[in-house]
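**Q** only geometry, no sequence info:
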């Protein structure tokens, strides 16, 4: 495409080896001789509760997000949006260390160094959904799309005030609890977030059941958010913040 550079796995590997990027894996970068980036989307994969083991290149949770990278990239309205993934140092959340949150914040710093100060949408699955919701405290993060997120009771929400939060969760998920996810949506709305939930009927945690629905809905949702924030507008607010989740 004329307006952006799509990076192969080899390109990404080489950039990591040279130290150009530690936490940020660029997937689509606006060309340096074209229009500057107007927005960015960072995609976060899942993990496990406790593990300091390093993440391997063949990690299944990371591979699970590749179709979402493709769906989001195809759905974006133009080539002026940076798309990337976040690299984690460890497989786990690791209690109070909250390791993936630190990785997301580092990726945001690397993003700013690469394309400047642009509004950001975070898309996260499972543990990555929890990390995205936590990292939304960063001022450049305007919206979060959380897919089957891990939302334990007591997860903080005050920092989500004035942020757009959209949670999609399958009703057949046996790994993370959709009840907890939609409870977080209600609490976030009470704290001043424009938060809403969508129940994916028949959807499982791996997002394999009704996979096309997961991919298309995520792509369309992110594209709508990017269209607004890249034009200097607030993300489209929820029709009924904190209300009963919609159903797909």
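**A** Received it, and whenever you're ready, just let me know what you need. Computed from a predicted structure; not experimentally measured.
**Q** which residues does residue 101 contact?
**A** For residue 101, the contact set (C-beta atoms under 8 Å, 6 or more residues apart in numbering) comprises 131, 134-135. In this view, the C-beta of every residue, glycine as well, is placed from N, C-alpha and C.
**Q** Can you pull up the most central residue in the protein?
**A** With distances taken as C-alpha atoms, centre = their mean, residue 123 lies nearest the centre of the chain, 1.4 Å away.
**Q** Among the contacts of residue 101, which one has the most neighbours?
**A** Within these, most neighbours by other C-beta atoms under 10 Å means residue 131, with 32 neighbours.
**Q** Can you tell me the SS state at the closest residue to that one other than its chain neighbours?
**A** Leaving aside its sequence neighbours, residue 131 sits nearest to residue 100 (C-beta to C-beta, 6 or more residues apart in numbering; 4.0 Å). Secondary structure assignment for residue 100 (DSSP: H, G, I helix; E, B strand; the rest coil): helix.
**Q** got it, and residue 61?
**A** Classification of residue 61 by three-state DSSP places it in helix.
**Q** Flag every buried residue along the longest helix along the chain.
**A** Across the chain, the helix with the greatest residue count (assigned by DSSP state H) is helix 211-230. Counting neighbours by 16 or more other C-beta atoms under 10 Å, one finds that the buried residues in helix 211-230 are 213-215, 217-219, 221-230.
**Q** Quick one, which of those has the minimum pLDDT?
**A** Between the buried residues of helix 211-230, the one the model trusts least by pLDDT is residue 230, at 86.
**Q** Was I right to think it contacts residue 76?
**A** No: taking C-beta atoms under 8 Å as the definition, residue 230 is not a contact partner of residue 76, at 9.5 Å.
**Q** follow-up on the earlier one: how far away is the residue nearest to residue 131 from residue 223?
**A** Computed as C-beta to C-beta, to the nearest Å, the residue 100 to residue 223 distance reads 25 Å.
**Q** now residue 137
**A** Distance of residue 137 to residue 223, computed by C-beta to C-beta: 25 Å.
**Q** next helix or strand past the helix or strand of the chain with the lowest mean pLDDT?
**A** Taking mean pLDDT, DSSP states H and E as the measure, helix 9-17 is the helix or strand of the chain with the lowest mean score, a mean of 37. On the C-terminal side of helix 9-17, the nearest following helix or strand under DSSP states H and E is strand 24-30.
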